[in-house]
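Peer 1: Just need the structure, nothing else, for what follows:
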Amino acid sequence: MPAAGMRQLRHLTQSRTADPNGPGPPGRPTRRARRTPGTQSGRMATNQTTFRVNRRLLAVGAVLTGTGAVLALVGTAIAATALATAGRGWVQSLETPPTELATRAVRGAKAASMAASHAGVDAWRAQAQ
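Peer 2: Now for the predicted structure:
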């Protein structure tokens, strides 16, 4: 067979072969899928590769994470103790205890509320007459 006839025959057989990308139009060769590592003849491999974890590295990572969490908890406890101690010292250094200041504030709020209530009632009564 001449070379031109052989090329034409190859061209026709390529366009009619089953291809994962689907058949192309008659007279045009179809595009073949590229081969990638871990695949067979350009098709995606299914369940051929397994997910392998280095257990030693995973265990070391877990231990370091646990150790870091414990250290963070200890650091938080130490910081909270330092803040509580400083707060107690500050409260003890005040001339008026915070409870007395709070009592004064509540009494003042009650007095203001009662005065506003009486003023509102008096204004309502004055308009009604």
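Peer 1: how does the chain divide up, domain by domain?
Peer 2: The chain is divided into the following domains under automatic domain parsing: 1-33, 75-120.
Peer 1: hey, least reliable of those domains by pLDDT?
Peer 2: Ranked by mean pLDDT, the domains of the chain bottom out at domain 1-33, which scores a mean of 56.
Peer 1: doesn't residue 88 make contact with residue 98?
Peer 2: No. Using CB atoms under 8 Å, residue 98 is not in contact with residue 88; the gap is 11.6 Å. Glycine gets a C-beta too; all of them are placed from N, C-alpha and C.
Peer 1: give me the number of residues near residue 90?
Peer 2: 9 (other CB atoms under 10 Å).
Peer 1: what helix or strand does it sit in?
Peer 2: Per DSSP states H and E: residue 90 is located in helix 55-93.
Peer 1: Can you give me the buried ones in that helix?
Peer 2: Within helix 55-93, no residue is scored as buried using 16 or more other CB atoms under 10 Å.
Peer 1: Which SSE is immediately downstream of it?
Peer 2: helix 98-128.
Peer 1: What distance do you get for residue 53 to residue 68?
Peer 2: To residue 68, residue 53 is 21 Å away according to CB to CB, to the nearest Å.
Peer 1: Could you do residue 122 as well?
Peer 2: Relative to residue 68, and taking CB to CB, residue 122 is found at 67 Å.
Peer 1: Equivalent analysis for residue 59, please.
Peer 2: 15 Å.
Peer 1: Also residue 119?
Peer 2: 62 Å.
Peer 1: With residue 107 instead?
Peer 2: 51 Å.
Peer 1: can you check residue 48 too?
Peer 2: For residue 48 relative to residue 68 (CB to CB), the value is 38 Å.
Peer 1: Equivalent analysis for residue 81, please.
Peer 2: Taking CB to CB, one finds residue 81 at 21 Å from residue 68.
Peer 1: do residue 95 as well
Peer 2: Applying CB to CB to residue 95 and residue 68 gives a distance of 45 Å.
Peer 1: Next: residue 87.
Peer 2: Plainly put, residue 87 is 28 Å away from residue 68 if you go by CB to CB.
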